[in-house]
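Trainee: sequence first, predicted model second:
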Amino acid sequence: MRWSLLCALSVCLSVAQAAEPIGEPQLTSIAPLGGAPGTSFEATIRGKNLDGAESLWSPTQGVTAEVISIESGAEAKDPDVLHVRLRFADGLVTGAHDLRVGTPRGLSNALRLLAHAAPAILEADGPHDTPAQAQALDTWPATIHGRIAEIGEVDYYAFQVEAGDELLFRSFSSPALDAGLAIYQKTGSWFDPERATRLAVNDEPVEYPGEPTEAVLRYRFEKAGEYLLRVNGFWGYGGVDHVYAVLIDEAPAEEEPWPPPSPAPLWTERDWRRPLDADRMARLAARTVQSEAPADIQVLDADAEIYQLPAEPPKIEGPTLIRGAFEHPGDIDRVRFSAKEGDKLVFEIFTPKRACPRSTRCCA
(Lines give C-alpha, C1' and ligand atoms only; values in the text may rest on other atoms or scores of the structure.)
Protein backbone atom coordinates (compact mmCIF):
# COMPACT_ATOMS: atom_id res chain seq x y z
CA MET A 1 0.00 0.00 0.00
CA ARG A 2 1.30 3.43 -0.88
CA TRP A 3 1.32 5.74 2.11
CA SER A 4 2.80 9.13 2.72
CA LEU A 5 5.69 9.96 4.96
CA LEU A 6 6.18 13.46 6.22
CA CYS A 7 9.12 14.38 8.40
CA ALA A 8 9.80 17.78 9.92
CA LEU A 9 13.36 18.43 10.99
CA SER A 10 14.01 21.17 13.52
CA VAL A 11 17.56 22.19 14.36
CA CYS A 12 18.26 23.80 17.72
CA LEU A 13 21.84 25.03 18.13
CA SER A 14 23.44 24.83 21.54
CA VAL A 15 26.83 26.13 22.55
CA ALA A 16 27.13 23.97 25.63
CA GLN A 17 27.60 20.24 25.65
CA ALA A 18 24.34 18.28 25.50
CA ALA A 19 23.24 17.32 29.01
CA GLU A 20 21.91 13.98 30.08
CA PRO A 21 18.34 13.57 28.78
CA ILE A 22 15.68 14.60 31.29
CA GLY A 23 12.04 13.66 30.95
CA GLU A 24 9.35 16.16 30.17
CA PRO A 25 7.39 17.72 33.05
CA GLN A 26 4.57 15.48 34.24
CA LEU A 27 1.78 16.36 36.69
CA THR A 28 0.09 13.63 38.73
CA SER A 29 -2.28 15.46 41.09
CA ILE A 30 -3.47 18.77 42.49
CA ALA A 31 -5.19 19.28 45.83
CA PRO A 32 -7.70 20.69 46.38
CA LEU A 33 -9.19 20.02 42.98
CA GLY A 34 -10.91 23.38 42.63
CA GLY A 35 -13.06 26.06 44.20
CA ALA A 36 -15.94 28.43 43.67
CA PRO A 37 -15.91 31.30 41.14
CA GLY A 38 -14.84 34.57 42.74
CA THR A 39 -12.45 32.89 45.20
CA SER A 40 -8.73 32.29 45.50
CA PHE A 41 -7.10 29.36 47.26
CA GLU A 42 -3.75 27.67 47.73
CA ALA A 43 -3.13 24.24 46.25
CA THR A 44 -0.38 21.63 46.05
CA ILE A 45 0.69 20.13 42.71
CA ARG A 46 2.71 16.91 42.60
CA GLY A 47 4.66 15.65 39.61
CA LYS A 48 8.06 14.97 38.03
CA ASN A 49 10.66 17.21 36.41
CA LEU A 50 9.14 20.43 37.75
CA ASP A 51 12.45 22.07 38.72
CA GLY A 52 12.51 25.71 37.71
CA ALA A 53 8.73 25.90 37.24
CA GLU A 54 8.04 29.56 36.65
CA SER A 55 4.44 29.84 35.53
CA LEU A 56 1.05 28.16 35.40
CA TRP A 57 -1.26 28.39 32.42
CA SER A 58 -4.88 27.63 31.65
CA PRO A 59 -6.62 28.11 28.30
CA THR A 60 -9.68 29.33 30.22
CA GLN A 61 -10.02 33.06 30.70
CA GLY A 62 -10.69 33.63 34.39
CA VAL A 63 -8.36 30.92 35.72
CA THR A 64 -5.04 32.38 36.87
CA ALA A 65 -2.32 30.98 39.10
CA GLU A 66 1.15 31.72 40.44
CA VAL A 67 3.95 29.62 41.90
CA ILE A 68 4.60 30.17 45.62
CA SER A 69 7.41 27.68 46.17
CA ILE A 70 8.95 24.44 44.87
CA GLU A 71 10.11 21.38 46.80
CA SER A 72 12.33 19.20 44.60
CA GLY A 73 12.36 15.45 45.21
CA ALA A 74 15.39 14.32 47.20
CA GLU A 75 15.92 11.36 44.84
CA ALA A 76 14.98 10.61 41.26
CA LYS A 77 12.04 8.47 42.39
CA ASP A 78 10.65 11.22 44.62
CA PRO A 79 8.07 13.64 43.21
CA ASP A 80 8.49 17.39 42.97
CA VAL A 81 5.93 19.43 44.90
CA LEU A 82 4.68 22.82 43.76
CA HIS A 83 2.83 25.16 46.12
CA VAL A 84 0.63 27.48 44.09
CA ARG A 85 -2.09 30.07 44.49
CA LEU A 86 -5.11 29.83 42.18
CA ARG A 87 -7.74 32.46 41.42
CA PHE A 88 -11.16 31.82 39.91
CA ALA A 89 -12.67 35.01 38.53
CA ASP A 90 -16.24 36.11 39.17
CA GLY A 91 -18.48 34.70 36.50
CA LEU A 92 -16.19 31.75 35.69
CA VAL A 93 -18.27 29.00 34.10
CA THR A 94 -18.72 26.06 36.46
CA GLY A 95 -17.25 22.80 35.23
CA ALA A 96 -13.84 21.42 34.29
CA HIS A 97 -10.89 23.61 33.33
CA ASP A 98 -7.34 22.58 32.39
CA LEU A 99 -4.18 23.75 34.15
CA ARG A 100 -0.58 23.25 33.00
CA VAL A 101 2.82 24.15 34.47
CA GLY A 102 5.48 25.95 32.45
CA THR A 103 9.08 24.83 33.08
CA PRO A 104 12.42 25.36 31.31
CA ARG A 105 11.84 21.93 29.71
CA GLY A 106 8.47 22.88 28.29
CA LEU A 107 4.80 22.78 29.16
CA SER A 108 3.46 19.94 31.29
CA ASN A 109 0.47 17.72 30.70
CA ALA A 110 -2.89 19.12 31.83
CA LEU A 111 -4.66 18.51 35.12
CA ARG A 112 -8.39 19.15 35.43
CA LEU A 113 -9.72 21.71 37.90
CA LEU A 114 -13.34 21.97 38.99
CA ALA A 115 -15.16 25.28 39.31
CA HIS A 116 -18.26 24.62 41.43
CA ALA A 117 -21.10 26.84 42.60
CA ALA A 118 -21.52 25.34 46.08
CA PRO A 119 -19.24 26.41 48.96
CA ALA A 120 -16.06 24.37 49.41
CA ILE A 121 -15.56 22.25 52.53
CA LEU A 122 -12.08 20.86 53.20
CA GLU A 123 -11.55 17.42 54.70
CA ALA A 124 -10.65 17.66 58.38
CA ASP A 125 -7.19 16.66 59.57
CA GLY A 126 -8.44 14.27 62.23
CA PRO A 127 -9.57 10.67 61.62
CA HIS A 128 -13.07 10.17 60.23
CA ASP A 129 -12.87 6.64 58.88
CA THR A 130 -15.70 5.18 60.99
CA PRO A 131 -19.37 6.16 61.32
CA ALA A 132 -18.76 7.30 64.88
CA GLN A 133 -15.98 9.69 63.75
CA ALA A 134 -17.79 11.08 60.69
CA GLN A 135 -16.95 14.68 59.83
CA ALA A 136 -20.07 16.82 60.25
CA LEU A 137 -21.30 18.91 57.32
CA ASP A 138 -23.19 21.96 58.56
CA THR A 139 -25.10 22.52 55.34
CA TRP A 140 -25.66 21.50 51.77
CA PRO A 141 -25.32 22.19 48.85
CA ALA A 142 -21.59 21.79 49.40
CA THR A 143 -18.47 20.49 47.68
CA ILE A 144 -16.17 18.36 49.82
CA HIS A 145 -12.46 18.32 48.98
CA GLY A 146 -10.50 15.38 50.37
CA ARG A 147 -7.98 12.64 49.74
CA ILE A 148 -7.87 8.84 50.11
CA ALA A 149 -4.32 9.03 51.41
CA GLU A 150 -3.71 5.37 52.25
CA ILE A 151 -4.65 1.94 50.95
CA GLY A 152 -7.90 0.81 52.55
CA GLU A 153 -8.85 4.30 53.77
CA VAL A 154 -12.50 5.40 53.78
CA ASP A 155 -13.87 8.83 54.68
CA TYR A 156 -17.24 9.38 56.38
CA TYR A 157 -19.25 12.63 56.38
CA ALA A 158 -22.46 13.24 58.37
CA PHE A 159 -25.27 15.47 57.11
CA GLN A 160 -28.89 16.28 58.00
CA VAL A 161 -31.94 16.01 55.73
CA GLU A 162 -35.68 16.53 55.96
CA ALA A 163 -38.21 13.89 54.99
CA GLY A 164 -38.65 13.88 51.21
CA ASP A 165 -35.30 15.51 50.38
CA GLU A 166 -33.71 14.09 47.24
CA LEU A 167 -29.98 14.70 46.89
CA LEU A 168 -27.45 14.16 44.12
CA PHE A 169 -23.90 13.09 45.04
CA ARG A 170 -21.19 13.27 42.34
CA SER A 171 -17.45 12.61 42.52
CA PHE A 172 -14.72 14.49 40.65
CA SER A 173 -11.36 12.75 41.09
CA SER A 174 -7.69 12.94 40.23
CA PRO A 175 -6.47 10.52 37.51
CA ALA A 176 -5.18 8.06 40.12
CA LEU A 177 -8.48 7.66 41.98
CA ASP A 178 -11.55 5.68 40.99
CA ALA A 179 -13.93 6.94 43.68
CA GLY A 180 -16.94 5.11 45.09
CA LEU A 181 -19.83 6.69 47.03
CA ALA A 182 -22.28 5.13 49.48
CA ILE A 183 -25.10 6.40 51.73
CA TYR A 184 -25.48 4.99 55.26
CA GLN A 185 -27.86 5.47 58.17
CA LYS A 186 -26.96 4.83 61.80
CA THR A 187 -29.28 2.07 62.93
CA GLY A 188 -27.32 0.64 65.86
CA SER A 189 -27.49 -2.88 67.21
CA TRP A 190 -27.24 -4.73 70.51
CA PHE A 191 -23.55 -5.35 69.78
CA ASP A 192 -22.68 -1.96 68.30
CA PRO A 193 -24.81 1.15 68.97
CA GLU A 194 -22.86 2.98 66.22
CA ARG A 195 -23.59 0.39 63.56
CA ALA A 196 -24.52 1.91 60.19
CA THR A 197 -26.70 0.29 57.53
CA ARG A 198 -25.96 0.91 53.87
CA LEU A 199 -28.87 2.39 51.92
CA ALA A 200 -27.35 3.03 48.47
CA VAL A 201 -24.02 2.68 46.68
CA ASN A 202 -22.55 3.67 43.32
CA ASP A 203 -19.10 3.42 41.75
CA GLU A 204 -19.81 4.15 38.09
CA PRO A 205 -22.39 2.72 35.70
CA VAL A 206 -19.83 1.30 33.25
CA GLU A 207 -16.17 0.40 33.63
CA TYR A 208 -14.35 0.48 30.30
CA PRO A 209 -10.93 1.82 29.22
CA GLY A 210 -11.18 5.48 28.31
CA GLU A 211 -14.61 5.91 29.89
CA PRO A 212 -15.11 8.16 32.95
CA THR A 213 -14.93 6.50 36.36
CA GLU A 214 -16.77 9.14 38.39
CA ALA A 215 -19.53 8.01 40.73
CA VAL A 216 -23.03 9.50 40.58
CA LEU A 217 -25.56 8.66 43.29
CA ARG A 218 -29.12 9.99 43.52
CA TYR A 219 -31.16 9.20 46.63
CA ARG A 220 -34.51 10.23 48.12
CA PHE A 221 -34.67 10.25 51.93
CA GLU A 222 -38.00 9.09 53.30
CA LYS A 223 -37.24 10.05 56.91
CA ALA A 224 -35.69 13.16 58.42
CA GLY A 225 -32.50 12.78 60.40
CA GLU A 226 -28.74 12.32 60.18
CA TYR A 227 -27.22 10.25 57.41
CA LEU A 228 -23.66 9.35 56.37
CA LEU A 229 -21.76 9.67 53.09
CA ARG A 230 -18.83 7.29 52.63
CA VAL A 231 -16.06 7.94 50.07
CA ASN A 232 -13.58 5.21 49.16
CA GLY A 233 -11.21 4.10 46.43
CA PHE A 234 -12.15 1.24 44.12
CA TRP A 235 -10.76 -2.06 45.48
CA GLY A 236 -9.42 -0.10 48.44
CA TYR A 237 -6.75 1.72 46.46
CA GLY A 238 -5.32 4.90 47.97
CA GLY A 239 -2.28 7.14 48.05
CA VAL A 240 -1.15 10.74 48.21
CA ASP A 241 -2.26 11.35 44.58
CA HIS A 242 -5.78 9.94 45.18
CA VAL A 243 -7.61 13.25 45.49
CA TYR A 244 -11.37 13.79 45.27
CA ALA A 245 -14.13 16.36 45.30
CA VAL A 246 -17.71 15.33 46.07
CA LEU A 247 -20.55 17.64 45.08
CA ILE A 248 -23.74 17.44 47.17
CA ASP A 249 -26.75 19.19 45.61
CA GLU A 250 -30.49 19.00 45.51
CA ALA A 251 -31.32 16.52 42.75
CA PRO A 252 -32.50 18.23 39.54
CA ALA A 253 -35.67 17.20 37.76
CA GLU A 254 -33.71 15.85 34.80
CA GLU A 255 -30.43 13.95 34.70
CA GLU A 256 -27.35 16.00 33.83
CA PRO A 257 -24.24 14.58 32.12
CA TRP A 258 -21.34 13.87 34.45
CA PRO A 259 -18.39 14.30 34.63
CA PRO A 260 -18.27 17.72 32.97
CA PRO A 261 -16.49 17.57 29.63
CA SER A 262 -12.90 18.77 29.52
CA PRO A 263 -12.11 21.76 27.32
CA ALA A 264 -11.29 20.89 23.72
CA PRO A 265 -7.50 20.45 23.41
CA LEU A 266 -5.61 23.26 21.72
CA TRP A 267 -3.27 20.74 20.12
CA THR A 268 -3.04 16.97 19.77
CA GLU A 269 -0.16 15.29 21.56
CA ARG A 270 1.47 11.98 20.62
CA ASP A 271 -0.73 11.45 17.58
CA TRP A 272 1.01 10.21 14.45
CA ARG A 273 -1.78 11.72 12.36
CA ARG A 274 -1.26 15.31 13.52
CA PRO A 275 -0.70 17.61 10.53
CA LEU A 276 2.88 18.55 9.68
CA ASP A 277 2.70 21.46 7.28
CA ALA A 278 4.87 24.37 6.25
CA ASP A 279 3.53 26.32 9.25
CA ARG A 280 4.83 23.72 11.74
CA MET A 281 7.37 26.10 13.30
CA ALA A 282 4.66 28.71 13.83
CA ARG A 283 2.49 26.08 15.51
CA LEU A 284 5.32 25.13 17.85
CA ALA A 285 6.08 28.78 18.60
CA ALA A 286 2.43 29.30 19.57
CA ARG A 287 2.91 26.76 22.38
CA THR A 288 5.80 28.69 23.95
CA VAL A 289 6.22 31.96 25.77
CA GLN A 290 9.00 33.21 23.48
CA SER A 291 8.35 36.43 21.60
CA GLU A 292 10.82 35.78 18.75
CA ALA A 293 9.40 35.10 15.31
CA PRO A 294 9.57 31.39 14.33
CA ALA A 295 12.18 30.30 11.83
CA ASP A 296 11.15 29.80 8.22
CA ILE A 297 10.74 26.23 7.11
CA GLN A 298 11.74 24.87 3.71
CA VAL A 299 9.78 22.16 1.91
CA LEU A 300 11.59 19.30 0.17
CA ASP A 301 10.19 16.59 -2.11
CA ALA A 302 12.15 13.44 -1.24
CA ASP A 303 10.84 11.66 -4.36
CA ALA A 304 11.89 14.33 -6.86
CA GLU A 305 13.95 13.07 -9.76
CA ILE A 306 17.71 13.77 -9.54
CA TYR A 307 19.13 14.77 -12.92
CA GLN A 308 22.67 15.82 -12.00
CA LEU A 309 25.62 13.50 -11.56
CA PRO A 310 26.95 12.21 -9.31
CA ALA A 311 23.54 11.56 -7.79
CA GLU A 312 23.52 12.52 -4.12
CA PRO A 313 20.71 12.88 -1.60
CA PRO A 314 19.45 16.47 -1.36
CA LYS A 315 20.94 18.60 1.40
CA ILE A 316 18.81 20.44 3.94
CA GLU A 317 19.61 23.32 6.25
CA GLY A 318 17.55 24.41 9.23
CA PRO A 319 13.92 23.43 9.83
CA THR A 320 12.74 21.36 6.88
CA LEU A 321 9.54 19.63 5.88
CA ILE A 322 10.27 16.50 3.84
CA ARG A 323 7.44 15.01 1.77
CA GLY A 324 7.76 11.55 0.32
CA ALA A 325 6.20 8.15 -0.16
CA PHE A 326 7.29 4.51 0.13
CA GLU A 327 6.49 3.33 -3.39
CA HIS A 328 7.63 -0.27 -3.04
CA PRO A 329 9.01 -2.66 -0.41
CA GLY A 330 12.49 -1.67 0.68
CA ASP A 331 12.14 1.92 -0.58
CA ILE A 332 14.39 4.36 1.31
CA ASP A 333 14.38 8.16 1.17
CA ARG A 334 17.62 9.92 2.11
CA VAL A 335 18.59 13.53 2.80
CA ARG A 336 21.85 15.12 3.93
CA PHE A 337 22.37 17.68 6.69
CA SER A 338 25.26 19.14 8.71
CA ALA A 339 25.44 19.25 12.50
CA LYS A 340 27.97 20.43 15.05
CA GLU A 341 28.82 18.91 18.38
CA GLY A 342 26.15 19.92 20.86
CA ASP A 343 23.40 20.44 18.26
CA LYS A 344 20.01 19.01 19.19
CA LEU A 345 17.77 17.65 16.45
CA VAL A 346 14.07 16.80 16.60
CA PHE A 347 12.49 14.43 14.06
CA GLU A 348 8.69 14.24 13.76
CA ILE A 349 6.84 11.76 11.56
CA PHE A 350 3.36 12.15 10.08
CA THR A 351 1.61 9.13 8.52
CA PRO A 352 -1.93 10.12 7.52
CA LYS A 353 -2.98 6.58 6.55
CA ARG A 354 -1.49 4.80 9.54
CA ALA A 355 -2.38 5.46 13.20
CA CYS A 356 1.17 4.51 14.23
CA PRO A 357 4.06 4.08 11.76
CA ARG A 358 5.40 0.87 13.25
CA SER A 359 7.31 0.00 10.09
CA THR A 360 8.93 3.42 9.73
CA ARG A 361 12.54 4.00 10.76
CA CYS A 362 14.28 7.35 10.93
CA CYS A 363 18.06 6.85 11.08
CA ALA A 364 20.95 9.33 11.15
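Mentor: Thanks, I have it. Numbering: from 1, shown residues only.
Trainee: from residue 200, how far off is residue 350?
Mentor: 50 Å (C-beta to C-beta, to the nearest Å). No exception for glycine: its C-beta is placed from N, CA and C like everyone else's.
Trainee: now do stretch 68-78: everything it contacts.
Mentor: 42, 48, 50-53, 79-85 (C-beta atoms under 8 Å, 6 or more residues apart in numbering).
Trainee: now, which of these sits nearest residue 158?
Mentor: residue 42 (26.9 Å; C-beta to C-beta).
Trainee: the closest one pairs with what?
Mentor: Taking DSSP bridges as the rule, residue 42 bridges to residue 85.
Trainee: the residue nearest to residue 29 when sequence neighbours are not counted: neighbour count?
Mentor: Excluding the flanking residues, the one nearest residue 29 by C-beta to C-beta, 6 or more residues apart in numbering is residue 241, at 3.9 Å. By the criterion of other C-beta atoms under 10 Å, residue 241 has 20 neighbours.
Trainee: next one: residue 157
Mentor: The number of residues packed near residue 157 is 22, by other C-beta under 10 Å.
Trainee: and residue 171, by the same measure?
Mentor: With other C-beta under 10 Å as criterion, residue 171 counts 26.
Trainee: would you double-check that residue 235 falls in a strand?
Mentor: No. Looking at residue 235 with DSSP: H, G, I helix; E, B strand; the rest coil, it is helix, so not inside a strand.
Trainee: and it, what is it in contact with?
Mentor: Applying C-beta under 8 Å, 6+ apart, no residues qualify as near residue 235.
Trainee: distance of it from residue 33?
Mentor: 21 Å.
Trainee: low-confidence ranges in the stretch 151-300 of the chain?
Mentor: 203-211, 263-276, 283-294 (pLDDT under 70).
Trainee: residue ranges of the strands in it, please?
Mentor: 154-161, 166-173, 179-186, 196-202, 216-220, 225-233, 243-250, 298-301 (DSSP state E, counting those that start in this stretch).
Trainee: and residue 332, how far is that from residue 316?
Mentor: Remark: distance between residue 332 and residue 316 (C-beta to C-beta) = 16 Å.
Trainee: the more surrounded of the two?
Mentor: residue 316 (17 against 10).
Trainee: so the more buried one makes contact with residue 297?
Mentor: No. The pair residue 316 and residue 297 fails to qualify as a contact (C-beta atoms under 8 Å) at a distance of 10.4 Å.
Trainee: so how many other residues sit close to the nearest residue to residue 37 once chain neighbours are set aside?
Mentor: Excluding its sequence neighbours, the residue lying closest to residue 37 (C-beta to C-beta, 6+ apart) is residue 92, at 4.0 Å. Residues near residue 92, counting by other C-beta under 10 Å, number 19.
Trainee: so residue 92 touches residue 64, yeah?
Mentor: No. Assessed by C-beta under 8 Å, residue 92 is found out of contact with residue 64, at 10.4 Å.
Trainee: on that earlier part again, drop anything exposed from the contacts of stretch 68-78.
Mentor: Neighbour-count burial (16 or more other C-beta atoms under 10 Å) applied to the contacts of stretch 68-78 gives 48, 50, 53, 79-82, 84.
Trainee: inside strands: which ones of these?
Mentor: 48, 80-82, 84 (DSSP state E).
Trainee: run through the bridge partners of residue 67.
Mentor: Beta bridges link residue 67 to residue 84, judged by DSSP bridges.
Trainee: okay, now it: neighbour count?
Mentor: When neighbours are counted by other C-beta under 10 Å, residue 67 comes out with 17.
Trainee: which residues touch it?
Mentor: Here residue 67 is in contact with 53-56, 82-84 (C-beta under 8 Å, 6+ apart).
Trainee: what count of nearby residues applies to residue 190?
Mentor: The burial count for residue 190: 6, using other C-beta under 10 Å.
Trainee: distance of it from residue 133?
Mentor: Counting by C-beta to C-beta, the gap from residue 190 to residue 133 is 22 Å.
Trainee: mind checking the end-to-end distance for stretch 85-96?
Mentor: End-to-end distance for stretch 85-96: 18 Å, by C-alpha to C-alpha, to the nearest Å.
Trainee: tell me the mean pLDDT over that stretch?
Mentor: For stretch 85-96, mean pLDDT is 95.
Trainee: give me the element residue 321 is part of.
Mentor: Per DSSP states H and E: residue 321 is located in strand 320-326.
Trainee: report the strands that pair with that strand, each with its relative direction.
Mentor: strand 3-12 (antiparallel), strand 298-301 (parallel).
Trainee: and that strand, which residues are buried?
Mentor: Neighbour-count burial for strand 320-326 flags 320-324, 326 (criterion: 16+ other C-beta under 10 Å).
Trainee: with stretch 140-155 instead?
Mentor: For stretch 140-155, by 16+ other C-beta under 10 Å, it's 140, 142-148, 153-155.
Trainee: between those, which sits nearest residue 38?
Mentor: Ranked by distance to residue 38 (C-beta to C-beta), these are led by residue 143 at 14.3 Å.
Trainee: what's near enough to touch that closest one?
Mentor: With C-beta under 8 Å, 6+ apart, residue 143 has these contacts: 34, 36, 114, 116, 118-121, 245-248.
Trainee: leaving out the residues flanking it, which one is nearest to residue 234?
Mentor: That would be residue 178: by C-beta to C-beta, 6+ apart, it lies 3.8 Å from residue 234.
Trainee: just give me the neighbour total for the one you found.
Mentor: Counted with other C-beta under 10 Å, the neighbours of residue 178 add up to 20.
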